[in-house]
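S.K.: Fold the following and give me the result.
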Amino acid sequence: MHHLSAGNMLQYRNIPISMLFAIFLSLPAFSQWTTPDASNNIRNTNTGNVGIGTSTPAYPLDVTGGARFSGTSFINTGLQVTGNPNSWPAGQGTQLAFVGGTGYITAYDNTAGQYMPLYVRGSDLTFIAGGSPRAKLFGNGNFVINSSGGTPLDGGYKLDVFGSIRASGPWYFNTAQNMTASPSGNWDFNNGSGAGWYFRWINGGITAMTLSTANNLLLNTTTDAGYRLDVNGTTRLSAAVRLAGLTSDNTQTRIVAADANGNLFFRDASTLGSGSSSSAWSLTGNTAINPTSTFLGSTDNTPLAFRTNNVERFRIDGSGNIGIGTSSPQSLLSVKGIITAQKIVVTPNGWADYVFHPNYKLLPLPALEQYVHDHRHLPEIPSADSVMAKGADLGDNQVLLLKKIEELTLYIIDQNKKIQALTTRLEALENK
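M.R.: All right, here's what the predicted structure looks like:
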């Protein structure tokens, strides 16, 4: 009597399956494997586990190694794949694998080395992650993403997302119309060359804002009258307003003025200042000005600042120091930035022509060389660290530079004399 048990299974591990079945068929009738019946069925009457490639089967059928099914396979409960083979057989097929803690379903052509189309079919497809349904594709083509983990319900939209959406490329509504966002947060709405309105903002069924095809912005109106900004209603501006491209006309004498509440009025320019008194400062010209009583500025220690584009550009502090590009001037004129000028006149306290006086003593060249070697800058010239920390006095620096140029001139003259003397001696030696 032969039994297919865990003890003698090892002897069948390397026998082909076809030969193994032949051995089973040759066993006596009282073996646990039955001979084919009228339907050519073969069955095992063993109530324990059957192992192929393992002597310790843990399941009714436990296979260690590869298995190939060339026909349709029926699995009554579930299929679990716990690994990935070292190689797949040649040809096309759908692969199930579990690699590095991740499961894969792949349609692949191992002969051609390329991926193949993969279809997943069903009336509805539910995607489960973390043990909860996260998304569902309904049979009508509607796709629902439910980030909260609840049951996705068909709300009647082709894409229904419960949660935030992040898109790194354009959103196309049709071939020409799309919406994009840049990494810096700018939004672009592109209507392409389509007819109709470029962009509309509708609130409660009422068109609150419209950007027309002529690129005019309309607020509370849909009639494009040709203005870049057309507002139907009261307008409040709480910040600076800049009007560019206005026609210059110095003959006009009325300006726009505002009261403390921001209401705008036309006002005659000659009345600007303290009311309409004769001491007011007129923008159209002033005569018989008394600087002690008619002036622009403050009467206390408050600084006077000038702005453009709502940014301070120029300031006079309470001590009379002027700052350009800085709100804290440290001297009578402090400029933070580049100064462009055709001429700058500096009046230093002295000049360096004393270098050419007969009694002026030049530093010997060896001593100069040693100083440069030790300090990495010329004598009397401030070091780089000093200039970076304290700045450079333009007048003193010019005097020092001229002094070094004049000293260099004296060095050159002295060297030339020595060269001439050597040349004379060399010529005398050559003529002997």
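S.K.: Could you chop the chain up by domain?
M.R.: The domain map for the chain lists 1-67, 196-236, 251-295, 297-339, 353-431, with the assignment taken from automatic domain parsing.
S.K.: mean pLDDT for those domains: which is lowest?
M.R.: Among the domains of the chain, domain 1-67 has the lowest mean pLDDT, at a mean of 62.
S.K.: Would you check how far apart the residue positioned nearest the centre of the chain and residue 170 are?
M.R.: In the chain, the residue lying closest to the centroid (Cα atoms, centre = their mean) is residue 183, at 5.0 Å. Distance, residue 183 to residue 170, using Cβ to Cβ, to the nearest Å: 14 Å. Using the backbone N, CA and C atoms, a C-beta is placed for each residue, glycine as well.
S.K.: and residue 210, which of the three is it?
M.R.: Look at residue 210: counting by DSSP: H, G, I helix; E, B strand; the rest coil, its state is strand.
S.K.: so what's it up against?
M.R.: Residues in contact with residue 210 (Cβ atoms under 8 Å, 6 or more residues apart in numbering) are 197, 199-201, 217-218, 221-222, 224.
S.K.: any idea which of those is closest to residue 120?
M.R.: Lowest distance from residue 120 to the contacts of residue 210 (Cβ to Cβ) belongs to residue 199, with 39.5 Å.
S.K.: Leaving out chain neighbours, which residue sits closest to that closest one?
M.R.: Nearest residue to residue 199 in three dimensions, chain neighbours excluded: residue 211, at 4.2 Å (Cβ to Cβ, 6 or more residues apart in numbering).
S.K.: isn't that neighbour right next to residue 190, touching?
M.R.: No - taking contacts as Cβ atoms under 8 Å, residue 211 lies outside contact range of residue 190: 11.6 Å.
S.K.: all strands in the stretch 101-250 of the chain, in order from the N-terminus.
M.R.: With strands called from DSSP state E, counting those that start in this stretch, the stretch 101-250 of the chain shows them at 102-109, 114-115, 125-129, 132-137, 143-146, 159-162, 171-172, 178-181, 187-190, 199-203, 206-211, 217-219, 229-231.
S.K.: mind listing what the last one pairs with, with the direction of each?
M.R.: Strand 229-231 pairs in its sheet with strand 217-219 (parallel), by DSSP bridges.
S.K.: Can you list the buried residues in the partner strand?
M.R.: Residues of strand 217-219 classed as buried: residue 218 (neighbour count, 16 or more other Cβ atoms under 10 Å).
S.K.: swap in stretch 135-143?
M.R.: For stretch 135-143, a neighbour-count test (16+ other Cβ under 10 Å) marks 135-138, 142-143 as buried.
S.K.: from the middle of its chain, how far away would the longest helix anywhere in the chain be?
M.R.: Of all segments of type helix in the chain, defined using DSSP state H, the longest is helix 394-431. Here helix 394-431 is found 60 Å from its chain centre; the criterion is Cα atoms, centre = their mean, to the nearest Å.
S.K.: Can you mark which positions in that helix are buried?
M.R.: Residues 397, 399-400, 403-404, 406-407 are the ones in helix 394-431 that count as buried (16+ other Cβ under 10 Å).
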